[in-house]
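Enquirer: Fold the following and give me the result.
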Amino acid sequence: MKKSIILLFLITLNSCKPSPTYNAFDKEFDISLREVVKNGCDTITVGCGFFNLREKNGKLRNYYQIYVEDWDNVVAKGFDYILDTVYLKEEKEFGKISNLKISETQIIELNTELKKYGFKFYNQKEDEFGNNSVEIINELSEKTFELEPLTEWINQKDLVVYRQLSYFKGK
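Expert: Okay, here's the model as predicted:
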C-alpha cells in the first residue's frame, strides 16, 4: 500500500506542467495554464477563437495565447508594454496617436522593464506611413526584435486610450 501511494505521488509529480516563467523571449511553451489563471490574469479575445491570458498589473504585461478548442496548450506568447494613457479630444484623433514618438523618459522606463530579460532599447524608426516602431536588442546575443506600436481603447465613451508596444512569439 505504501509503495503504491509513493508511486502514485511520483506519477502525479511527473505529469505536472512547470509554472509559467512570464518571459516572452524564452523557449518554454509547455507551462501550467492553471497557474497563470491562479496568479490572476485578464482574458482578452484576439479573434478567430484565440485568447490571451495577460497579466493584470504593471507596465509590461506578459501573456500566453491559447486556442479555445485546445485550452491546455500555449500556441504563442508575448507581452504588451503600456507606454502611456492618452486622453483624446475627439474620436478622429485615434489614428494619429500611433505616430507619436517615444520620449527619452519612456525609453528609460522601457529599459527598466526589459533589463529583467537581458534586453534594452536599440532604435526607434518610422515606416513609410509615418508610424513609429521600436527595436530592442539582446545585450548578449545582439539579436534585435521589433516591437509593434498598438493602441487599445480603455474607455471609448470618454476617449481614453492606452498607447503600447507589443511583442509576439508563436510556438
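
Enquirer: can you pull the buried residues of the longest strand along the chain?
Expert: Criterion DSSP state E: the longest strand present in the chain is strand 70-87. Neighbour counts over strand 70-87 (16 or more other Cβ atoms under 10 Å) mark V74, A76, K77, G78, F79, D80, Y81, I82, L83, D84, V86 as buried. Placement of C-beta: from N, CA and C, glycine included.

Enquirer: okay, these in CSV with distance to Y117 next?
Expert: Formatted as CSV, the buried residues of strand 70-87 follow (distance: Cβ to Cβ, whole Å):
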residue, distance to Y117
V74, 18
A76, 17
K77, 12
G78, 12
F79, 9
D80, 15
Y81, 11
I82, 17
L83, 18
D84, 21
V86, 26
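
Enquirer: where does stretch 61-73 sit relative to the chain's centre, distance-wise?
Expert: 12 Å (Cα atoms, centre = their mean, to the nearest Å).

Enquirer: just the CA coordinates of it, formatted as PDB?
Expert: What follows is stretch 61-73, C-alpha atoms only, in PDB (Å, rounded to 0.1, in the frame of the first residue of the first chain):
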ATOM      1  CA  ARG A  61       2.200  42.600 -19.100                       C
ATOM      2  CA  ASN A  62       3.200  39.200 -20.300                       C
ATOM      3  CA  TYR A  63       0.600  36.900 -21.900                       C
ATOM      4  CA  TYR A  64       0.200  33.300 -23.100                       C
ATOM      5  CA  GLN A  65      -2.100  32.700 -26.100                       C
ATOM      6  CA  ILE A  66      -4.400  29.800 -26.300                       C
ATOM      7  CA  TYR A  67      -6.900  28.500 -28.800                       C
ATOM      8  CA  VAL A  68     -10.400  27.900 -27.400                       C
ATOM      9  CA  GLU A  69     -10.600  24.300 -28.700                       C
ATOM     10  CA  ASP A  70      -7.300  23.400 -27.100                       C
ATOM     11  CA  TRP A  71      -7.400  25.200 -23.700                       C
ATOM     12  CA  ASP A  72      -4.400  23.300 -22.200                       C
ATOM     13  CA  ASN A  73      -1.800  24.300 -24.800                       C
END
